[in-house]
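Colleague: compute the structure for the input listed below.
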Amino acid sequence: MEQAYTAAVVTVSDKGSRGEREDTAGPAVAHMLRGAGFEVTHTAIVPDEVLAIGAELTRCSDELRVQLIVTTGGTGFTKRDVTPEATLAVVERVTPGIPEAMRAESFKITPNGILSRAVAGIRGDSLIVNLPGSLKAARECLNAVLPALGHAVKMLLADSVEH
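Modeller: Predicted coordinates:
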């Protein structure tokens with residue numbers, strides 16, 4: 001990646017947002033993004049609430065102008081897992097190849113990998129990508145797509161300059 005693009009990591013966790021559980025996935029994801037050349041300019045922990053997640057994603061995109069927004073958590077099957085719904089409510093265009101690649105890679109490791117409901121999409125000049133909440137799964141899924149994310153942001157920003 002020739003240019004350092006900005007990134008934000010948003011951890012979605014009820015317990016984490018109340019300070020009852022240490023966030024391990026968020027810092028690990030931030031470390032991986034930095035290692036890939038992204039400048040992590042913002043991190044946050046929000047509860048598993050559609051409105052709180054959506055508000056943070058919107059703030060990262062519209063106010064903070066972050067180019068890559070990565071979430072961890074809330075992509076499973078429990079009733080509190082609403083990160084995909086919150087993401088879909090704020091994106092303008094979905095990018096299905098990203099979560100498809102993550103699920104395919106996860107499935108190689110465990111049959112449960114296909115149970116992730118993660119989504120990805122574009123809002124303005126920001127790419128939003130959902131990752132699982134577990135440290136191991138978040139690392140594996142990000143590793144599967146990280147090589148393409150810099151190019152994705154570059155294309156997204158080139159498109160906004162041309163128009």
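
Colleague: quick one: residues contacting the residue nearest the centre of the chain.
Modeller: The centre of the chain sits closest to residue 70, judged by Cα atoms, centre = their mean, with a distance of 2.2 Å. Applying Cβ atoms under 8 Å, 6 or more residues apart in numbering, we find residue 70 in contact with 7-10, 29, 33, 128-131, 142. The C-beta positions use only the backbone N, C-alpha and C, and glycine is treated the same way.

Colleague: what bridges to it?
Modeller: With DSSP bridges as the criterion, residue 70 is bridged to residue 9, residue 129.

Colleague: for it, give me the pLDDT.
Modeller: What the model reports for residue 70 is a pLDDT of 98.

Colleague: kindly report the same for residue 4.
Modeller: Reported pLDDT for residue 4: 87.

Colleague: three-state assignment of it?
Modeller: coil (DSSP: H, G, I helix; E, B strand; the rest coil).

Colleague: so it makes contact with residue 36?
Modeller: No: counting by Cβ atoms under 8 Å, residue 36 is not a contact partner of residue 4; they are 10.1 Å apart.

Colleague: which of the two has more neighbours?
Modeller: Remark: of residue 4 and residue 36, residue 36 carries more neighbours, 17 against 12, as counted by other Cβ atoms under 10 Å.

Colleague: where are the low-confidence patches of the chain?
Modeller: Residues of the chain that meet the criterion pLDDT under 70 lie in 1-3, 159-163.

Colleague: next up, phi/psi of residue 14, please.
Modeller: Dihedral angles of residue 14 (phi, psi; degrees, to the nearest 10) stand at phi -60, psi -50.

Colleague: what is the neighbour count of it?
Modeller: Applying other Cβ under 10 Å, we find 16 residues neighbouring residue 14.

Colleague: cool, the one 4 residues further on as well?
Modeller: Number of residues near residue 18 (other Cβ under 10 Å) recorded here: 10.

Colleague: what's the closest non-adjacent residue to it?
Modeller: In this structure, residue 18 finds its nearest non-sequential neighbour in residue 47, 7.6 Å apart by Cβ to Cβ, 6 or more residues apart in numbering.
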